[in-house]
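>>> all I have is the shape, not the residue letters:
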Ligand code: SF4
């Protein structure tokens, strides 16, 4: 197995330069059994005051979320960080690509800290820049590159965002993927326009078919581990959506069988899933939407209603705890945390905060100037999309 197939070293040791995340984790971590961890985190945060701004992604553990100044999805958190130019230290409790986005959107005098460098994202790692450049060369050879607009999901590394910026494309989130696809199709002559969608094939397919009226036959999947992506030049010429063969290892676990089983066992249940789920799960669900949409939907739900939710387990548990008047189930038979998100635990947060108090800035995530410039172009094209 190559490092591209399994870029995150399972035990977080060593270093894998082909991964979007580093995996070295320097420092003397407090023991997880230390009974004073909560107090130490509180004291360090208090000592830092306004100099630190702690961001917590919705999929983080409760022990970490309790210290977040704001919570949100990756894009909201990056914007929240940009809205606090006075804080020199941004501690990002999330994964590597999110910290990169925060670095891109914050000022040069601000430093973004990721408490554990092993907190990468398996989906983001599924599209490496060299692989995407090879795919683009194949599109040139097939004579269609001029008709293709690359669009990348927020959940991608900074250099993939920069690739899209350089090649006339944009970034999208799970909330605005349909608007981004509409924009991208409008950038090329009608009837010829194509989109290379990175790195999540499911978000690309679900958006194209369920929101844009394309068919499954309009979509092909580019497999970076096969010659020419496993596609013929004619298939590339015929396709309207060229989907990168990437997926989320958390949302990819939900199955159509589980949806059917839950419907049979919970009368009147409403199935609510994230668009990173497989197409057959999404087509069986009642409601599909981003993490923020899932939260808003549950907040607005009537007491006594039943819900089966297909997204990361920390968030589903938190929603169930916050809404005891609603019957909330998790849409999987087994535990389904995001293992890399869970790398950020209280010992790592304490270590990061106490290092800052001591005058050391640990685990700084810094995007080089050229990558930042083009990634910003792609992000700005997304920000310029019409609101819906
Ligand atoms: S939940 Fe999926 S997309 Fe999000 S960080 Fe984890 S692996 Fe990546």
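Yep, that arrived. For clarity, every value in this text was computed on a predicted model and none was experimentally measured. Residues are numbered from 1 along each chain as shown.
>>> helix or strand for residue 151, which one?
Taking DSSP states H and E as the criterion, residue 151 maps to strand 148-153.
>>> pull up the pairing partners for that strand, direction included.
In the sheet, strand 148-153 lines up against strand 170-172 (parallel), strand 194-198 (parallel) (DSSP bridges).
>>> does the helix or strand where residue 206 lies reach the ligand?
In this structure, residue 206 is located in helix 201-210 according to DSSP H and E. No: Helix 201-210 stays out of contact with the ligand when judged by CB under 6 Å from any ligand atom, the minimum separation being 9.7 Å. Glycine gets a C-beta too; all of them are placed from N, C-alpha and C.
>>> so how far is that helix from its chain's centroid?
For helix 201-210, the separation from the chain centroid amounts to 16 Å (computed by CA atoms, centre = their mean, to the nearest Å).
>>> the strand holding residue 151 near the ligand at all?
No: for a cut-off given as CB under 6 Å from any ligand atom, strand 148-153 has no contacts with the ligand; the smallest distance is 8.5 Å.
>>> rounded mean pLDDT for that strand, please.
Predicted confidence along strand 148-153 averages 98 (mean pLDDT).
>>> dump the residue contacts of the closest residue to residue 150 other than its chain neighbours.
With CB to CB, 6 or more residues apart in numbering as the measure, residue 169 is the residue that lies nearest to residue 150, at 3.7 Å, once sequence neighbours are left out. With contact set as CB atoms under 8 Å, 6 or more residues apart in numbering, residue 169 has these partners: 149, 150, 151, 152, 163, 184, 196, 378, 381.
>>> returning to what we had before: what does the helix holding residue 206 rub up against?
Helix 201-210 is contacted from outside by 151, 153, 174, 177-178, 181, 195, 197, 214-216, 218-219, 221, 240-241, 243-248, 251-252, 275-279, 282-283, 288, using CB under 8 Å, 6+ apart.
>>> before we move on, the earlier item: could you check how far the residue nearest to residue 150 is from residue 184?
From residue 169 across to residue 184, the span is 7 Å (CB to CB, to the nearest Å).
>>> any common contacting residues for those two?
Common neighbours of residue 169 and residue 184 are listed as 149, 151 (criterion: CB under 8 Å, 6+ apart).
>>> that older thread, how about the contacts of residue 169 in JSON lines, adding neighbour count?
Conversion of the contacts of residue 169 to JSON lines gives the following (neighbours: other CB atoms under 10 Å):
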{"residue": "149", "neighbour count": "23"}
{"residue": "150", "neighbour count": "28"}
{"residue": "151", "neighbour count": "26"}
{"residue": "152", "neighbour count": "31"}
{"residue": "163", "neighbour count": "25"}
{"residue": "184", "neighbour count": "24"}
{"residue": "196", "neighbour count": "28"}
{"residue": "378", "neighbour count": "27"}
{"residue": "381", "neighbour count": "22"}
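>>> residue 127 sits in which helix or strand?
Residue 127 is part of no helix or strand when elements are defined by DSSP H and E.
>>> can you count the residues close to the spatially closest residue to it that is not a sequence neighbour?
For residue 127, the nearest residue in space outside its immediate sequence neighbours is residue 199; the separation is 3.6 Å by CB to CB, 6+ apart. The number of residues packed around residue 199, counting by other CB atoms under 10 Å, is 28.
>>> what is the next helix or strand after the helix holding residue 206 packed up against?
Next helix or strand after helix 201-210 toward the C-terminus (DSSP H and E): strand 219-222. Using 3 or more CB pairs under 8 Å, 6 or more residues apart in numbering; DSSP states H and E as the contact criterion, the elements in contact with strand 219-222 are helix 201-210, helix 233-238, strand 241-244.
>>> how about TSV for the ones you listed, with mean neighbour count and mean pLDDT added?
Shown next, in TSV, are the helices and strands packed on strand 219-222 (neighbours: other CB atoms under 10 Å; pLDDT from 0 to 100):
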stretch	mean neighbour count	mean pLDDT
helix 201-210	24	98
helix 233-238	15	96
strand 241-244	25	98
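>>> let's have these in CSV, adding distance to residue 142.
CSV is the format used below for those (distance: least, CB to CB, whole Å):
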stretch, distance to residue 142
helix 201-210, 19
helix 233-238, 4
strand 241-244, 10
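>>> to residue 323, which of these lies closest?
With CB to CB as the criterion, residue 323 lies closest to helix 201-210 of the helices and strands packed on strand 219-222, at 26.2 Å.
>>> buried residues of the lowest-mean-pLDDT helix or strand in the chain, list them for me.
Every helix and strand in the chain was compared by mean pLDDT, DSSP states H and E; the lowest is helix 74-82, with a mean of 87. Within helix 74-82, the residues that qualify as buried by neighbour count (16 or more other CB atoms under 10 Å) are 74, 75, 76, 77, 78, 80, 81, 82.
>>> off-centre distance for it?
Once both centres are worked out by CA atoms, centre = their mean, helix 74-82 turns out to sit 13 Å from its chain's centre.
>>> who are the packing partners of it?
Helix 74-82 is packed against strand 52-57, strand 70-72, strand 89-93, helix 96-105, with contacts defined by 3+ CB pairs under 8 Å, 6+ apart.
>>> residues in contact with the second one?
Surrounding strand 70-72, the residues in contact under the criterion CB under 8 Å, 6+ apart are 53, 55, 56, 57, 58, 60, 65, 76, 77, 80, 292.
>>> quick one: which of the residues you listed is nearest the ligand?
Distance ranking of these against the ligand, using CB to the nearest ligand atom, places residue 57 first at 8.0 Å.
>>> what's near enough to touch that closest one?
71, 72, 73, 74, 77, 93, 94, 95, 98, 341.
>>> per-residue pLDDT, it?
The confidence metric pLDDT takes the value 94 at residue 57.
>>> so what pairs up with it in the strands?
Each beta-bridge partner of residue 57 is listed here, defined by DSSP bridges: residue 72.
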